[in-house]
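Asks: Could you work out the structure for the sequence below:
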Amino acid sequence: MPRSRAQTRERLLAAALDVFAEEGFGRSTVEQVCERAGFTRGAFYSNFDSLDELFLAMWGQRSQAMLDGIRDAVAAAEAAADAEPFDLDQGAARILAAIPVEDRWYRITAEFTAHALRNPALKSVMAAREAAIQATILPIVDSALARAGRRITDPQALGRALVAVHDGTSVQVLMEPGDPQIVSARTELFVCVLRNFSENSSPSENK
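Replies: Numbering: from 1, shown residues only. You can find the predicted model right below:
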């Protein structure tokens with residue numbers, strides 16, 4: 001992609017994030033995004049077919065950044081474990097710290113999810129992307145669990161449980177920002193899920 005077009009695309013994505021957060025996805029228009037970015041409708045449609053496509057591109061960017069952050073967090077936890085036994089609680093805390101819970105992004109995704117639920121084709125796209133993210137995360141989690149002497153027993157169930165806990169606790173964190181007990185409980189729930197959907201690697205310890 002030519003540099004100028006890539007820059008235009010990035011400006012549109014940044015502008016859309018602000019517009020969606022301020023107006024709500026359902027009330028936002030292409031014109032508002034273009035005005036915020038300082039471009040014409042032609043510039044928009046040379047990069048995106050619709051606001052739906054723009055949101056999915058935005059989601060893809062943020063998902064990639066999240067995955068990179070999780071990889072870095074696990075690598076840091078594994079590096080620390082070279083000097084001492086891998087601690088599952090500390091590892092989970094590192095991973096969660098790499099998954100930001102942002103008020104405006106949560107509101108945007110919640111609104112877009114409601115929008116997608118009314119559109120079967122879009123709902124299928126979102127479900128496929130969620131599945132792809134889970135498929136990417138699970139090997140990372142599996143590596144971390146292996147360092148803790150554990151192995152996943154049901155990958156699909158673990159992936160779904162992790163998403164459910166993330167979504168549920170994100171609301172709690174946003175409703176009571178700055179409460180250390182909420183953050184601590186979030187970490188404890190993730191560790192509980194990891195333990196419940198994994199077992200000790202040593203067969204003798206599983207008897």
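Asks: In the protein, which helix is the longest?
Replies: With DSSP state H applied, the helix covering the greatest number of residues in the chain is identified as helix 51-81.
Asks: quick one: average pLDDT of that one?
Replies: Here helix 51-81 scores 86 as its mean pLDDT.
Asks: gap between the residue nearest to residue 190 when sequence neighbours are not counted and residue 141?
Replies: For residue 190, ignoring the flanking residues on the chain, the nearest one in space by Cβ to Cβ, 6 or more residues apart in numbering is residue 92 at 4.8 Å. Every residue, glycine included, has its C-beta placed from N, CA and C. Spatial separation of residue 92 from residue 141 under the definition Cβ to Cβ, to the nearest Å is 10 Å.
Asks: picking up where we left off before, how many residues are close by the residue nearest to residue 190?
Replies: Number of residues near residue 92 (other Cβ atoms under 10 Å) recorded here: 24.
Asks: Could you do residue 132 as well?
Replies: Residue 132 has 12 neighbouring residues, counting by other Cβ under 10 Å.
Asks: gap between it and residue 178?
Replies: Noted for residue 132: a distance of 33 Å to residue 178, by Cβ to Cβ.
Asks: which ones are touching the nearest residue to residue 71 once chain neighbours are set aside?
Replies: Counting by Cβ to Cβ, 6+ apart, residue 140 is the residue found nearest to residue 71 once chain neighbours are left out, at 6.0 Å. Applying Cβ atoms under 8 Å, 6 or more residues apart in numbering to residue 140 gives the contacts 67, 70-71, 74.
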